[in-house]
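one predicted model, sequence on top.
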Amino acid sequence: MPHVHHELDELFYVVDGSFTFTCGHDDYTAELGAFVMVPRGTRHVFSATTDGVVLVLWTPGGLEQMFLELGRLPAQSITDRATRAEMSKRYDSTPA
């Protein structure tokens, strides 16, 4: 789901596989060893184009708590707009 972080930068390191990133209006393919930096305020989304592993970092930290919270909810919650909107208030991950 495309989203924006207003108070943090998000960084991705591709450990294995291939991923497609949309940052702003630009699309990128990132493969093994690629490093992608998404500055705060930039609309973005990514998806795997092959099986793979990506390391995700945020600065400042804290957004990882949203994923822990989502993990405790029913599976459909991650795509439920009302649930995501409520969490965005707490975790600076605003659907766009």
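Perfect, I can see it now.

what sits closest to the residue most central in space within the chain if chain neighbours are left out?
Computing the C-alpha centroid of the chain and ranking residues by CA atoms, centre = their mean puts residue 45 first, at 6.2 Å. Of all residues not flanking residue 45 in the chain, residue 2 sits nearest, at 4.3 Å (CB to CB, 6 or more residues apart in numbering). Every residue, glycine included, has its C-beta placed from N, CA and C.

does that neighbour touch residue 93 like I think?
No: checked against CB atoms under 8 Å, the pair residue 2 and residue 93 is beyond contact range at 10.8 Å.

higher neighbour count, the two?
Neighbour comparison, residue 2 and residue 93: the larger count goes to residue 93, with 21 against 11 (by other CB atoms under 10 Å).

how far away is that one from residue 59?
Distance of residue 93 to residue 59, given as CB to CB, to the nearest Å: 14 Å.

do the same with residue 9
Counting by CB to CB, the gap from residue 9 to residue 59 is 5 Å.
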